[in-house]
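A.B. asks: need a structure here:
(chains A and B)
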Amino acid sequence: MKGIATVPDVLTMIILTAFFLFMVFIVLPEFASNMFKNFSYASPETVSRELSSFITLSAAAPEKIKIYYNPSESVLYNIIIEERILKVQSLGKEKGIASAKISVDPSGHYESVNDFVIEKYRENGKNIYNLEANEK
Amino acid sequence: MKGLALSFTEFFQDLVAIGIMTLLVLIGYGTIVDIHTIVEGSQVERHTTLIGNVFLSSDKLALVEDGRIQRAVFDKEKLDKELINQNNFLDYIKIITGTSLFDEISYPESRIILSVTDLESEDVWFLIGGSAVLGGESVSGFAECLISKIKIDLNIFFRRLWKYNIMIPSLWDQQDFDSCIASFESKSSGNLGILKTFPIAIRVSDKETHVGTLGVRLWE
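C.D. replies: Now for the predicted structure:
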């Protein structure tokens, strides 16, 4: 249906069109990019890879080291470390279990955690590895 | 206005409709689409770098002075104890028995060759480890290869006697040894693994320190 547009109507259309284009081409791609980035950082694959690397890397410190790791503020994980295999189960949007190898011998089970402190120190000539995991 | 096809109300309705559709697509990503992350990159390469760094700081190899580990400064006595000195025939039993080094530091379900080279004296220490090696054919294959190449080269024998003042003859020269390593590698389905080399120092005595390299080759 054809209609009559007044000057204020045309100005409003232009403003709305500009706003719409701004949302579609700038805000939404940024939003989608952040969303996917958060998904990937918080994914069990990424967390298992990072956490296992940090644990192994802690062994490379000659004396003592403390590494803090908080992959996500909102996603929680179940963690199992045994026989040098680290398994991460995500309790967030991206379900699934991922595992990664570690080259040294800490072990433990942790449930519903997302904040990690990896500590390595030497005591009586022996390397001690300690993983603390809590919910933040 | 000539050419205007839609009224303001229709234009606004269409805009809202497009907005709702976009919103539905975004919500669909969050609820309908199952997202899986695939980590790209070489896991073996990363593991090789990491474990190499762990060896550099291991008290099984590194010098300990005043209770502190000297990272990347290896102690020759510890190398003789934990690794196989290429020139010491008796050390080769460690291929079968292994040493405590890989019990303490190793990735599960992987194979590894650790080699330390003294670039000044040309001494070489090495160790082969990993579950697949110690339990499988690779050890016997490697041992058979070495046995088949045993020879006492009098030139090498006397040169080493003169150079190092040692009584144990070298039963293999560098080419034999390299050949068996290559054979071992080819049995890993043609997979050469990942090799990383790290610069180190080797403390030979209180007054003598040599420059050397640590090589780590890992298969997974």
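
A.B. asks: drop to CA atoms for contacts and neighbour counts, all remaining ones
C.D. replies: Fine.

A.B. asks: Mind pulling up the pLDDT for the residue of chain B found nearest chain A?
C.D. replies: Chain A sits closest to B:Val54 of chain B, with a gap of 4.1 Å, by C-alpha to the nearest C-alpha. pLDDT, B:Val54: 95.

A.B. asks: Contact partners for it?
C.D. replies: A:Thr56, A:Leu57, A:Ala59, A:Ala60, A:Ala61, B:Ile105 (C-alpha atoms under 8 Å, 6 or more residues apart in numbering or on different chains).

A.B. asks: Find the nearest non-adjacent residue to the fifth one, please.
C.D. replies: Beyond its immediate neighbours in the sequence, the residue positioned closest to A:Ala61 (C-alpha to C-alpha, 6 or more residues apart in numbering or on different chains) is B:Ser57, lying 6.5 Å away.

A.B. asks: Tell me who's in contact with residue 85.
C.D. replies: Picking chain A for this. Counting by C-alpha under 8 Å, 6+ apart, A:Ile85 makes contact with A:Ser99, A:Ala100, A:Lys101, A:Ile102, B:Pro108.

A.B. asks: Please refer instead to chain B.
C.D. replies: Neighbours of B:Asn85 in contact, by C-alpha under 8 Å, 6+ apart: B:Leu79, B:Asp91, B:Asp123, B:Val124, B:Trp125, B:Phe126.

A.B. asks: Dead centre of chain A: give me the residue that sits there.
C.D. replies: Against the mean C-alpha coordinate of chain A, by C-alpha atoms, centre = their mean, the closest residue is A:Ala42 at 2.7 Å.

A.B. asks: quick one: the helices in chain B?
C.D. replies: B:8-31, B:43-56, B:76-82, B:94-97, B:100-104, B:131-135, B:137-148, B:154-164, B:174-186 (DSSP state H).

A.B. asks: Can you check the pLDDT for the closest residue to B:Asp123 other than its chain neighbours?
C.D. replies: Distance criterion C-alpha to C-alpha, 6+ apart; nearest residue to B:Asp123, sequence neighbours excluded, is B:Thr117 at 5.9 Å. Note for B:Thr117: predicted pLDDT of 92.

A.B. asks: May I see the contacts of B:Val54 arranged in a markdown table, with pLDDT and neighbour count as well?
C.D. replies: Formatted as a markdown table, these follow (pLDDT from 0 to 100; neighbours: other C-alpha atoms under 10 Å in any protein chain shown):
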| residue | pLDDT | neighbour count |
| --- | --- | --- |
| A:Thr56 | 93 | 25 |
| A:Leu57 | 92 | 24 |
| A:Ala59 | 92 | 29 |
| A:Ala60 | 93 | 22 |
| A:Ala61 | 92 | 19 |
| B:Ile105 | 91 | 20 |
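
A.B. asks: And for A:Val10, the neighbour number?
C.D. replies: As a burial measure, A:Val10 scores 13 neighbours (other C-alpha atoms under 10 Å in any protein chain shown).

A.B. asks: what kind of secondary structure is it in?
C.D. replies: Of the three states, A:Val10 takes helix under DSSP: H, G, I helix; E, B strand; the rest coil.

A.B. asks: burial count for the nearest residue to it once chain neighbours are set aside?
C.D. replies: When the adjacent residues along the chain are set aside, A:Val10 lies closest to B:Phe8, with 7.8 Å between them (C-alpha to C-alpha, 6+ apart). Neighbour count for B:Phe8, taken as other C-alpha under 10 Å: 19.

A.B. asks: from memory B:Phe8 sits against A:Ile14, does it?
C.D. replies: No: assessed by C-alpha atoms under 8 Å, B:Phe8 is found out of contact with A:Ile14, at 10.9 Å.
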